[in-house]
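Novice: need a structure here:
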Amino acid sequence: MKIIGHHKLDINDRMIIQACLHDHQSLTQIAFRLKVSKSTISRELTRNFQSKDEKATICPLLKKVIVCNVCKKKGYCPRRKRFYNFITANEQASNRKRMSRSNPKLSSSMIKGIDEVVSLGVSLGQSLHHIYIGDPWIQGICCERTVRRLVYRGNLSIRPHQLRRYVTYKRSYVKTKEELQIRDIRVLIGRTYKDFVRYCIAHKRENVVQYDSVIGKIDDQQAILTITFPKYNFQFGLLIQKGNANSMNRTIKHLFASLTHNLIKLIFPINLADNGTEFSSFHHLECDAQGEKLVRCYFTNPYRSTDKAHCERNHEFIRYCIPKGKSLDFLTQDSVNDLFSNINSYTRASKNNQTPYDLVKKRFGQTFLDLINIKRIPNKKVKLTQIT
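Specialist: The predicted structure is shown next:
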């Protein structure tokens with residue numbers, strides 16, 4: 001195995017490690033897949049596991065397997081347990097990296113001197129910039145940004161909200177990320193975004209299809225499954241039950257049933273979806289009822305909508321007609337077809353002033369467009385206004 005350069009594991013690599021562990025693969029096999037050394041995998045598991053039952057005795061098998069993810073006795077074992085979860089592992093690694101850089105390099109006596117000067121100035125209503133410019137001693141040991149960083153990190157006695165203009169600026173807050181909805185993480189082996197990129201590079205002529213869903217209100221019963229051809233800016237939609245993976249699969253399989261195998265392989269060879277609830281069994285679309293592999297399915301990186309940016313960008317046209325927060329339960333498949341017929345008849349400057357409809361017709365033929373009920377709307381009759 002050839003290892004190229006120094007490789008830092010990211011959340012996608014950690015996701016593959018967990019998937020391979022659940023697939024009962026050895027550390028050597030995992031290292032070969034990620035093209036890193038075996039010691040890298042061993043060190044990752046040792047550093048970033050979750051421990052349970054700390055007071056219990058250590059299982060002797062942990063010296064060999066390191067974690068208990070696939071142990072058959074984990075449900076009733078009384079010994080200390082260690083589990084590897086890629087989300088927690090990535091957070092632990094990020095926190096370790098951040099904390100190693102968070103300690104100030106100034107001595108405690110210097111920080112104490114800065115604290116006395118800054119506290120006095122802030123109590124008089126002065127800004128940090130004014131305090132810094134007026135004190136040559138502080139200028140000689142650090143920059144103004146360091147002083148501000150000491151305040152924000154809590155190294156000084158004053159608090160950030162005591163600064164005069166602190167509340168006038170917006171600040172980003174850490175949002176709680178939704179847990180991935182992939183039920184069996186082993187399905188990600190060979191279907192990650194990195195695998196997708198590698199396959200696309202090796203098969204540049206094959207068509208890429210991106211999938212997403214458009215939702216209205218939280219209590220809606222249905223959503224729009226959008227299917228996008230990035231190369232042509234073409235997008236069409238199918239109504240599905242909101243958040244229902246079985247409904248999504250049935251809808252796509254019904255579409256595939258109306259096409260020949262050769263046409264499926266031509267139009268849908270490479271498919272990319274996110275990790276949402278409706279795509280938890282997306283990989284089942286790869287084979288037909290007889291087990292013949294027709295297409296390839298891949299998943300985007302966790303929490304990275306930019307991996308299928310073309311699909312997200314095309315949703316702008318949908319929002320012209322259906323604003324965010326408006327219910328989708330009033331829609332019928334005919335109204336959805338009419339919506340996308342207008343969208344695909346809209347001239348695109350990026351495509352040399354051609355429409356997505358004309359580009360797809362030229363590439364895949366009129367038959368396919370008729371099967372998905374997308375029609376060509378005359379330029380002067382294209383309507384992209386809010387649906388009432």
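
Novice: show me where the stretch 1-150 of the chain has strands.
Specialist: 50-52, 81-83 (DSSP state E, counting those that start in this stretch).

Novice: how far out from the middle of the chain is the first one?
Specialist: The reference is to strand 50-52. Strand 50-52 has its C-alpha centroid displaced from the chain centroid by 26 Å (Cα atoms, centre = their mean, to the nearest Å).

Novice: Residue 211 belongs to a helix, doesn't it?
Specialist: No - if the criterion is DSSP: H, G, I helix; E, B strand; the rest coil, then residue 211 is strand and not within a helix.

Novice: what's the most buried one of the strands of the stretch 1-150 of the chain?
Specialist: strand 81-83 (a mean of 20; mean count of other Cβ atoms under 10 Å). To be clear about C-beta, it is placed using only N, CA and C from the backbone, and glycine gets the same treatment.

Novice: what mean pLDDT does that one have?
Specialist: On average, the pLDDT along strand 81-83 is 87.

Novice: Would you mind pulling up the elements that that strand packs against?
Specialist: strand 50-52 (3 or more Cβ pairs under 8 Å, 6 or more residues apart in numbering; DSSP states H and E).

Novice: which residues touch the strand it packs on?
Specialist: When contacts are defined by Cβ atoms under 8 Å, 6 or more residues apart in numbering, strand 50-52 is touched by residues 80, 81, 82, 83, 84, 85, 88.

Novice: which one among those gets closest to residue 330?
Specialist: residue 85 (41.3 Å; Cβ to Cβ).

Novice: okay, how far is it across stretch 60-67, tip to tip?
Specialist: 11 Å (Cα to Cα, to the nearest Å).

Novice: So for that stretch, what gets flagged as buried?
Specialist: Buried residues in stretch 60-67, counted by 16 or more other Cβ atoms under 10 Å: 62, 65, 66, 67.

Novice: Please give me every residue in contact with the second one.
Specialist: Pointing back at residue 65 there. Counted by Cβ under 8 Å, 6+ apart, residue 65 has contacts residue 71.

Novice: Now render the buried residues of stretch 60-67 as CSV, adding pLDDT and distance to residue 232.
Specialist: Formatted as CSV, those follow (pLDDT from 0 to 100; distance: Cβ to Cβ, whole Å):
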residue, pLDDT, distance to residue 232
62, 76, 53
65, 80, 49
66, 86, 48
67, 88, 46
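
Novice: can you redo those residues as JSON lines with distance to residue 15?
Specialist: JSON lines is the format used below for the buried residues of stretch 60-67 (distance: Cβ to Cβ, whole Å):
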{"residue": "62", "distance to residue 15": "23"}
{"residue": "65", "distance to residue 15": "19"}
{"residue": "66", "distance to residue 15": "18"}
{"residue": "67", "distance to residue 15": "15"}
